[in-house]
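below are the sequence and a predicted model; questions follow.
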Amino acid sequence: MKILYIDPIFGISGDMMVSALIDAGFPFGELTNILQEFPLRLPAIVPVQRTQGVIKGIHLEIGKSDEHLTVREMEEIIDGLKAESSVKRDAKGMLDIVLDGEAKVHGTMRDELHLHELSHVDTLIDLVSVAKGVHYFGIDRVFCGPVPCGRGTIRTSHGIIPNPPPVTLEILSGYNMIFVDEPLELTTPTGAAIVRYYTKSKDSIPPFTIDKIGYGIGSYETDKPDALRIFIGEYREPDPDEEVWLIEVDLDDMEMEYIGAVAERIRNEGALDVLYFPVYMKKGRLGVRLSVAAPAGKVQRLVEKVFEETTTFGMRLIKEQRRVLRREEHTVETSFGPVRIKRGFDAGGKLVKTHIEFEDIKRISEERNIPYRQVLDAVRSEITSEKVKGSS
């Protein structure tokens, strides 16, 4: 799996992201080819080598232009590109995030928006170029570090506004941010939209082998490096045996009716499994043992969650090994509609077992008022027949 990790050292903007992709190996010719399809006069665009301290990278010099576009014009230009569908989808997806953020901040409908700085052709150049660069490297998943933002106020066409701008905060709602004591717009709305669109998962970045590093250099002159760094690399499936931790607590002073709800909350924090069962404790008291299987990367968070949600003052941590089958999920069409199935393969690639997704059986059963067992037996029969040939 190809991974892109965005490290916004001093913030992120659209042109810095494009610059970092070029520095990592995205051919500038690929960028100019797609931009030449724009049905308008573009400013000069030149990637130049720039150094800030010990950091060397690319700074994208974009010439002056008075070209401003409406929302409809930007969407039509993207739709008209002779580019891969994923490039157009990603460019429009990022644009949608910007427009939704602006509409919410200004309390208006998208179609009634009057964009100011964001209507400049530079915005469209940035979005299309980033989408093309991500496609060029064949990125499967994107992760991002905490996003730096400045303080104080900044001057815009709206006048003097708080820093970071309200639209940037709206777009980054729910994401980790760092506030730097600099009166500079370190992260722009376009940069924020890139982060929100591509980093769909808040999971920790898995271990991966770095193949390429790129630096995008900004235009601020400060004692800190105005740079955006990206890493591109490969994540490989872990060995069949993986390290897991068992978190165990024994409870005899907690309301039993809450145990099930607590187990669900812990499971939602990323536990591999959560079990609870009766145990006899000291003086013959009946209690409950809560047993949580945790992946190595989530042990600390799950320990904190168990302390938060239960009455325990201590717990046992046991390091163990886990072996799992390699799993693939497919959707098959049945007479009841689409049903997901999970297939498990051993280390040699042999199919060991097939599991039908319970939630789909539950949904069908409730929609049609049919017993679970009846739906399950019928779906299982169809899956083993010729009816599901060509399933995706």
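Everything's here; your move.

switch to C-alpha atoms for all contacts and neighbour counts from now on
OK.

the chain: helices as residue ranges?
If you assign secondary structure with DSSP state H, the helices in the chain sit at 14-23, 28-35, 71-79, 85-106, 121-136, 166-171, 189-198, 259-268, 299-309, 358-368, 372-383.

Lys2 is nearest to which of these?
Nearest to Lys2, of all the helices of the chain, is helix 121-136, at 10.5 Å by C-alpha to C-alpha.

before we move on, the earlier item: return the most buried member of the helices of the chain.
Ranked by mean neighbour count under mean count of other C-alpha atoms under 10 Å, these are led by helix 14-23, which reaches a mean of 28.

on that earlier part again, would you reformat the helices of the chain as CSV and include mean pLDDT?
What follows is these, written out as CSV (pLDDT from 0 to 100):
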stretch, mean pLDDT
helix 14-23, 97
helix 28-35, 95
helix 71-79, 92
helix 85-106, 91
helix 121-136, 95
helix 166-171, 93
helix 189-198, 96
helix 259-268, 93
helix 299-309, 94
helix 358-368, 92
helix 372-383, 90
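
any chance of those in CSV with distance to Arg229 as columns?
As requested, these are arranged in CSV below (distance: least, C-alpha to C-alpha, whole Å):
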stretch, distance to Arg229
helix 14-23, 6
helix 28-35, 18
helix 71-79, 27
helix 85-106, 20
helix 121-136, 14
helix 166-171, 20
helix 189-198, 13
helix 259-268, 32
helix 299-309, 28
helix 358-368, 41
helix 372-383, 48
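
now do the contacts for Thr187.
With contacts defined as C-alpha atoms under 8 Å, 6 or more residues apart in numbering, the neighbours of Thr187 are 11-13, 147-150, 164, 168.

show me the strands in the stretch 201-350 of the chain, by range?
Per DSSP state E, counting those that start in this stretch, the stretch 201-350 of the chain has strands spanning 209-217, 227-234, 241-251, 273-280, 286-295, 316-323, 326-334, 337-345. These are given in chain order.

lowest average confidence across those strands, which one?
Here the strands of the stretch 201-350 of the chain differ in mean pLDDT, and the lowest is strand 326-334 at a mean of 85.

now that strand: buried residues?
326, 331-334 (16 or more other C-alpha atoms under 10 Å).

would you turn these into TSV with distance to Leu127?
As requested, the buried residues of strand 326-334 are arranged in TSV below (distance: C-alpha to C-alpha, whole Å):
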residue	distance to Leu127
Arg326	36
Thr331	33
Val332	36
Glu333	37
Thr334	40
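
right, and the pair among these with maximum separation?
Largest pairwise distance in the buried residues of strand 326-334, by C-alpha to C-alpha, is 24.7 Å, between Arg326 and Thr334.

which one in this structure is furthest away from the centre?
Distance from the C-alpha centroid of the chain, by C-alpha atoms, centre = their mean, peaks at Lys283 (50.2 Å).
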